[in-house]
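Student: Compute the structure for the input listed below.
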Amino acid sequence: MHKKILTVVGARPQFIKAAAVSRAMKGHSSLREVILHTGQHYDDNMSEVFFREMDIPEPQYNLGVQASLQGEMTGAMIAGIEKVILDEKPDMLLVYGDTNSTIAGALAASKLFIKIIHVEAGLRSHNMKMSEEINRILTDRISSLLCCPTENAFNNLKLEGFSNFNCTFLNTGDVMQDAALYYSSMLEGRKTIVTEKKLNDFILCTLHRAENTNDPKRLSDIVDALNKIHETNHVVLPLHPRTKKTVEALGLKLNVDVVPPQGYFDMLALLKNCRMVLTDSGGLQKESYFFRKPCVTLRDETEWAELIEIGCNKLVGADNKKIISTVNEMLNQNFNFDTELFGGGIASKNIIAAIEKFL
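Tutor: So this is what the prediction gives:
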């Protein structure tokens, strides 16, 4: 008799991570997966082509939740997920990361006494002003099986006393590495932004976090730094629509190579071919390490402390001078990317083994 897993996802990165675990789950007749998409992020890139090209199973449920207020959005998700749980009667509910979809899935399941699997458990930025930090801490606390992507994340849970709670937590490795390795092997001979624009010797930059885009001073200082860097080093910036709107509203001028938001394959191609990454994204910090690229992080703290510890990632916040000097300094350094921090691409297998053992 198979056990049913209800997987809740709400944004494109979560689909990509979930696809890695779904592929690993396919070979196990003891498990059956039902996928629910909350609709949290409407994404033009998430068409039928996206699911087909990326070998991602389409969700059986799409709640289509679109709301501007966090409480309204999370509440609608909880209500929708609860109905699906009552219909499907899953044995466990699986969530990824730290979005509103994550906490909504976890809360809905916990109220109905369904055990929760949290993939990417134990991450901490120690910044309670980030909604992601609140989501991940609360989700961890009510989860039964916590799959940590790194040793640091595992140690965070130990320090927080999770050994005393009624749960299992272990270091499974990071499913993002599984996904990056799987999809990067499909890039050969594929037309991407890199081939179309004949890009080489460039810095890849992304800028979208609210802590930067909602603060005019921070955003202005970062834009100034990017413009200065671009004078001597080609900066390619796939620009998030929200960031574009704010930049224009503040009357700022971005004198870098601004391109539209890119699909996953194009982002992988940019990562594989750039010299360095300059970002405020959590995921891109790790992916830069997977592809052996140094990273300068436009934030005051990061969940990926291990990258800071080994020196291939530097935190610069929004400090104009620090951004410029750190980029110049790191462009002229060699880094060692040989330490296996994220599990080596077998996290999905480890997660499925942990689920089978738990059930």
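
Student: ok, Ile193 touching Ala269?
Tutor: Yes. If you go by C-beta atoms under 8 Å, Ile193 and Ala269 touch, sitting 6.4 Å apart. Quick note: C-beta positions are derived from backbone N, CA and C, even for glycine.

Student: Which one's more surrounded, the two?
Tutor: Taking other C-beta atoms under 10 Å, Ile193 and Ala269 do not tie; Ala269 has more neighbours (22 against 19).

Student: neighbours around the closest residue to Pro57 other than its chain neighbours, how many?
Tutor: Using C-beta to C-beta, 6 or more residues apart in numbering and skipping residues adjacent in sequence, the residue nearest Pro57 is Ser22, 5.4 Å away. By other C-beta under 10 Å, 19 other residues sit near Ser22.

Student: Ser22 reaches Asp55, doesn't it?
Tutor: No. Applying C-beta under 8 Å, one finds Ser22 not in contact with Asp55, separated by 9.2 Å.

Student: Show me whatever sits in contact with both of those two.
Tutor: Listed as contacting both Ser22 and Asp55 by C-beta atoms under 8 Å, 6 or more residues apart in numbering is no residue at all.

Student: Am I right that Lys4 falls within a helix?
Tutor: No. Using DSSP: H, G, I helix; E, B strand; the rest coil, the assignment for Lys4 is strand, not a helix.

Student: Which of the residues in the worst-scoring helix or strand of the chain on mean pLDDT are classified as buried?
Tutor: Every helix and strand of the chain was ranked by mean pLDDT, DSSP states H and E. The lowest is helix 48-53, at a mean of 76. Judged by neighbour count using 16 or more other C-beta atoms under 10 Å, the buried positions of helix 48-53 are Phe50.

Student: who's in contact with that helix?
Tutor: The contact list for helix 48-53 (C-beta under 8 Å, 6+ apart) reads 12, 56-58, 263, 265.

Student: Could you tell me which residues make contact with the residue nearest to Pro57?
Tutor: 7, 33, 35, 56-57.

Student: re the thing from before, between the contacts of helix 48-53, which is closest to Leu138?
Tutor: The closest of the contacts of helix 48-53 to Leu138 turns out to be Arg12 (C-beta to C-beta; 23.1 Å).

Student: Just give me the neighbour total for that closest one.
Tutor: 17.

Student: Wait, it touches Tyr264, no?
Tutor: Yes. Judged on C-beta under 8 Å, Arg12 makes contact with Tyr264 at a distance of 7.3 Å.

Student: How many residues are close by Ile222?
Tutor: Counted with other C-beta under 10 Å, Ile222 comes out at 26.

Student: excluding its backbone neighbours, what's nearest it?
Tutor: Leaving out its chain neighbours, the residue that sits closest to Ile222 by C-beta to C-beta, 6+ apart is Ala318, at 5.3 Å.

Student: Could you check how far the one you found is from Asp224?
Tutor: Going from Ala318 to Asp224 by C-beta to C-beta, to the nearest Å gives 10 Å.

Student: same check, this time on Gln70
Tutor: 31 Å.

Student: Between the two, tell me which one has more neighbours.
Tutor: Asp224 (16 against 10).

Student: SS state for the more buried one?
Tutor: helix.

Student: isn't the residue nearest to Ile222 right next to Asp221, touching?
Tutor: Yes. Between Ala318 and Asp221 there is a contact at 4.9 Å, judged by C-beta under 8 Å.

Student: How much space separates Val8 from Ala18?
Tutor: The gap separating Val8 from Ala18 is 9 Å, by C-beta to C-beta.

Student: ditto for Glu72
Tutor: According to C-beta to C-beta, Glu72 and Ala18 sit 25 Å apart.

Student: Tell me which of these two has more neighbours.
Tutor: Set Glu72 next to Ala18 and count neighbours by other C-beta under 10 Å: Ala18 wins out with 27 against 12.

Student: Go ahead and confirm the more buried one touches Leu36.
Tutor: No. If you go by C-beta under 8 Å, Ala18 and Leu36 don't touch, sitting 10.5 Å apart.

Student: which residues are in contact with both of those two?
Tutor: Common neighbours of Ala18 and Leu36 (C-beta under 8 Å, 6+ apart) are 7, 9.

Student: Going by residue numbers, what spans are strands in the stretch 51-200 of the chain?
Tutor: For the stretch 51-200 of the chain, the strands defined by DSSP state E, counting those that start in this stretch cover 61-62, 92-96, 115-119, 145-148, 168-171.
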